[in-house]
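need coordinates for the below:
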Amino acid sequence: MSRKTIGILSRECGVKVTTIRYYESIGLIREPDRTDSGQRIYDDAAVERLNFIRHARDLGFPIEAIRELIDLQESPGTDCASVDRIARSQLADVRRRLNQLEALEAELKNMITNCKGGVIDDCKVLQTLSNHDQCLDVHDAHKEFTPIGS
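Alright, predicted model coming up:
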């Protein structure tokens, strides 16, 4: 069994030290053993768990879904229907965000296409940004966009 400091774990897994500490504080990673001087020491299980979390985050899974997946992972004989439900929910969320991005792309293309150059006073980009009625789509001007990975 290898024993790693938090710095080594951070480098090997590509996760910042502060993020590792955060995952510990919210219970995604078990509190590690410590040396007599108080230094955190991580085992291979911590490396596997952190890699799992990082990969899930890269795929956009929210923390609560990752927590649920970890809980399910600790019951290997359980039916995987819950895991499938979580993955399908994540896929639906990604599709929703893709639709948002496509709508944003269309709006931006429209603004740029309608911009013929000239002076700022006649700028179609600025006019569209100033007047929501000039948009192609009736989208919620105050709706917060959900970026990938949040």
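
list the buried residues in the helix ranked longest in the chain.
In the chain, assigned by DSSP state H, the helix with the most residues is helix 81-114. Using 16 or more other C-beta atoms under 10 Å as the test for burial, helix 81-114 gives 86, 90, 93, 97, 107, 110-111. In this view, the C-beta of every residue, glycine as well, is placed from N, C-alpha and C.

do the same with stretch 66-77
In stretch 66-77, counting by 16+ other C-beta under 10 Å, buried: 66, 68-70, 72.

what segments of this protein are strands?
Here the chain has its strands, by DSSP state E, at 33-34, 40-41.

please enumerate the helices of this structure.
6-13, 17-25, 44-58, 63-73, 81-114, 124-130.

pull the distance from the fifth one to the chain's centre.
If I follow you right, that is helix 81-114. Remark: helix 81-114 is offset 14 Å from the chain centroid, using C-alpha atoms, centre = their mean, to the nearest Å.

which elements pack onto that helix?
Applying 3 or more C-beta pairs under 8 Å, 6 or more residues apart in numbering; DSSP states H and E, we find helix 81-114 packed against helix 63-73, helix 124-130.

pass me the low-pLDDT residue ranges in this protein, would you?
For the chain, the stretches flagged by pLDDT under 70 are 1, 138-150.

domain ranges for it?
For the chain, the domain assignment from automatic domain parsing gives the residue ranges 6-61, 81-134.

and the last one, how far from the chain's centre?
In this case it means domain 81-134. So, by C-alpha atoms, centre = their mean, the centroid of domain 81-134 is 19 Å from its chain's centroid.

ditto for the longest one
Counting by C-alpha atoms, centre = their mean, domain 6-61 is centred 17 Å from the centre of its parent chain.

end-to-end on it?
Domain 6-61 has an end-to-end distance of 24 Å (C-alpha to C-alpha, to the nearest Å).

please report phi then psi for the nearest residue to Asp93 once chain neighbours are set aside.
Spatial nearest neighbour of Asp93, excluding adjacent residues (C-beta to C-beta, 6 or more residues apart in numbering): Gly60 at 7.1 Å. Recorded main-chain torsions at Gly60 are phi 90, psi 0, according to degrees, to the nearest 10.
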